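Participant: Any chance you can model this:
(chains A and B)
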2 protein chains.
Amino acid sequence: MNNIPNTFPRFQLELPSWIKGFLQQQPRAFPSLEARMNLVTTLSQLNIEHGTGGPFGAGVFRTDTFELVAPGANLVLSSQSSLAHAEIVAIMMAQRTRGVHDLGGKGLPPHELVTSCEPCAMCLGAICWSGVRHLVCGARGSDAEAIGFDEGPKPPNWIEALEQRGISVTADVGRENATQILNNYVEQGGEVYNSRQGSMDTSR
Amino acid sequence: MNNIPNTFPRFQLELPSWIKGFLQQQPRAFPSLEARMNLVTTLSQLNIEHGTGGPFGAGVFRTDTFELVAPGANLVLSSQSSLAHAEIVAIMMAQRTRGVHDLGGKGLPPHELVTSCEPCAMCLGAICWSGVRHLVCGARGSDAEAIGFDEGPKPPNWIEALEQRGISVTADVGRENATQILNNYVEQGGEVYNSRQGSMDTSR
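Facilitator: Residues are numbered from 1 along each chain as shown, chains lettered A, B, ... in the order given. Modelled structure (predicted):
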């Protein structure tokens, strides 16, 4: 009998070394919303320059001390995983750092996800299950769509859907700068990669 | 200056050993839709029995040879990651097995995701970016909601949204059996865990 081989790989994902080096030059705490957004948009810009993925950055912060708990950048191409959007990487790393599946669990400080661009359908769902209590967005989904990225099947009332689940949303923080980074990426010939050959849609 | 420490963890996720052992007893190919669904609902049942997570199983198959490329089970609790839904685990492992971020890329055979229950909002988005070309579902989202799981912010026309992106959908395959496993889980006191303390919602 020709059975299934016992050789399934281990999934591993590590932050690129440039993120670690960059963060060592940064202060530990980011008291203003603008400073936190500036950190994640800088991650999106550096991610382009280092060629590790698309023009998206994110970070999970504590909202009591405003310390960065975990950064994220879009690592889809460099990690060969379509799951590795900036928000997913930040949530993944924050939960590993805390050793929990629920950043909103008892005994933990409140957490916030800051992202350089509104979440796509996948990241929107992931935010619901992550335990973060606040979401901060830079560019709008329509800004990403304007350069060819697909936001996926996302309900129009997604902000309300998060708020119904106890997650407040602050949008348009540093939108202009975040959108400029998206636009620069495409003008410089950055790949708007497409997971669905045969259709006109693109993913990020 | 109190800088950010350079100590971000590596994210690792490995299939539980029971999955590997179980699959070695299985044939390599599953020519009928029912056989593929039966494999993933068996994974969901065994996941309950082994205490490694919630009552959800999945698998990525080649649709030319009907071989299993990668299995998945809900490993949220055992892996301490809210991202580790069965569909995410299967996509993660299938892309690692192939060494690609796009299972629909050139030179690859067509791939299908089979899941014991309709995808939540996060998994719906992840399916769009994965490169699979066909989705097969057992239980409905409403069957999971009936025992207290939350499907998340998912548009009502989600099947159409997938089909617009070149992903066909076959629903209600073995729905009765898949739903029975969900119901048994809750009747046996299985945890319908909640990532949002302070709200009435539950996640899976």
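Participant: who's in contact with the spatially closest residue to A:P16 that is not a sequence neighbour?
Facilitator: Among residues not flanking A:P16 along the chain, A:T52 sits closest, at 4.9 Å (CB to CB, 6 or more residues apart in numbering or on different chains). All C-beta atoms are positioned from the backbone trio N, CA, C, and that covers glycine. Neighbouring residues of A:T52 by CB atoms under 8 Å, 6 or more residues apart in numbering or on different chains: A:P16, A:W18, A:A73, A:L75, A:L77, A:S78.
Participant: closest to chain B among those residues?
Facilitator: Closest to chain B out of the contacts of A:T52 is A:L77 (6.5 Å), distances taken as CB to the nearest CB.
Participant: can I assume the closest one is in contact with A:V192?
Facilitator: No - assessed by CB atoms under 8 Å, A:L77 is found out of contact with A:V192, at 11.6 Å.
Participant: Find residues that contact each of those two.
Facilitator: By CB under 8 Å, 6+ apart, A:L77 and A:V192 have no common neighbours.
Participant: count of residues packed around the closest residue to A:P153 other than its chain neighbours?
Facilitator: Nearest-residue entry for A:P153: B:A161, 3.5 Å, with adjacent residues in sequence omitted and distances by CB to CB, 6+ apart. Neighbourhood size, B:A161 [other CB atoms under 10 Å in any protein chain shown]: 20.
Participant: need the contact list for B:A161.
Facilitator: B:A161 is in contact with A:G152, A:P153, B:L124, B:C128, B:P155, counting by CB under 8 Å, 6+ apart.
Participant: sorry, back to before: please report how far the residue nearest to A:P16 lies from B:M92.
Facilitator: Separation of A:T52 from B:M92 (CB to CB, to the nearest Å): 19 Å.
Participant: Then A:F56?
Facilitator: If you go by CB to CB, the gap between A:F56 and B:M92 works out to 19 Å.
Participant: what do you get for A:N3?
Facilitator: For A:N3, the distance to B:M92 equals 23 Å [CB to CB].
Participant: The two: which has the busier surroundings?
Facilitator: The residue with more neighbours, out of A:N3 and B:M92, is B:M92; 25 against 11, by other CB under 10 Å.
Participant: what's near enough to touch the more buried one?
Facilitator: A:F11, A:S81, A:L83, B:L13, B:A70, B:G72 are the contacts of B:M92 under CB under 8 Å, 6+ apart.
Participant: Let's see which of the residues you listed end up in strands.
Facilitator: Residues of the contacts of B:M92 located in strands (DSSP state E): A:F11, B:L13, B:A70, B:G72.
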